[in-house]
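> Here is a sequence together with a model predicted from it:
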Amino acid sequence: PSLAPTLHTYVPPGVCEIQCSILDLLAFNPKLSTFVSMVKAARLLPLLSAAEDPMTVFVPTNYAFELLPPAKFEALLSDPTALKAILLRHMTRGAFASADLPTGTASVVT
């Protein structure tokens with residue numbers, strides 16, 4: 001049995017019985033709160049809360065953001081245009097499971 005967290009680890013029972021947006025799923029995971037804050041700062045909430053077409057988002061954890069130098073992190077937050085460009089490179093159309101992705105380096109259209 002896998003010990004990895006699943007969607008049900010973070011989303012309260014009954015919340016997503018019909019459908020949750022990508023933003024909902026991200027917001028319930030405390031390990032992804034920095035990414036959610038950056039999405040807000042980049043004004044990308046509508047994109048992740050109402051995506052009608054399948055979308056895959058490659059989300060760095062809070063720990064990954066902690067590895068950035070503080071000055072670089074603050075610079076990103078203070079420049080919504082640059083932040084938006086970086087975050088959009090973490091999103092691609094289509095639904096991909098981790099098993100669908102090749103190991104190593106791969107190009108993905110974002």
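Received, thanks.
> could you measure residue 33 against residue 81, distance?
23 Å (Cβ to Cβ, to the nearest Å). Every C-beta, even on glycine, is put in place using the N, C-alpha and C of the backbone.
> again, but for residue 87
As judged by Cβ to Cβ, residue 87 and residue 81 stand 11 Å apart.
> Thought residue 43 was touching residue 83, still the case?
No. When contacts are counted by Cβ atoms under 8 Å, residue 83 is not listed as touching residue 43 (9.1 Å).
> between these two, which one's more packed in?
Taking other Cβ atoms under 10 Å, residue 83 and residue 43 do not tie; residue 83 has more neighbours (19 against 12).
> Can you list the residue ranges for helices in this protein?
7-10, 22-27, 33-41, 45-49, 62-66, 70-78, 80-88 (DSSP state H).
> among the ones you listed, which is nearest residue 96?
Among those, helix 22-27 comes nearest to residue 96, with 12.8 Å by Cβ to Cβ.
> Any buried residues in the closest one, and which?
In terms of neighbour count (16 or more other Cβ atoms under 10 Å), helix 22-27 has its buried residues at 22, 23, 25, 26, 27.
> The second one is in contact with residue 49, isn't it?
It stands for residue 23. Yes. If you go by Cβ under 8 Å, residue 23 and residue 49 touch, sitting 4.3 Å apart.
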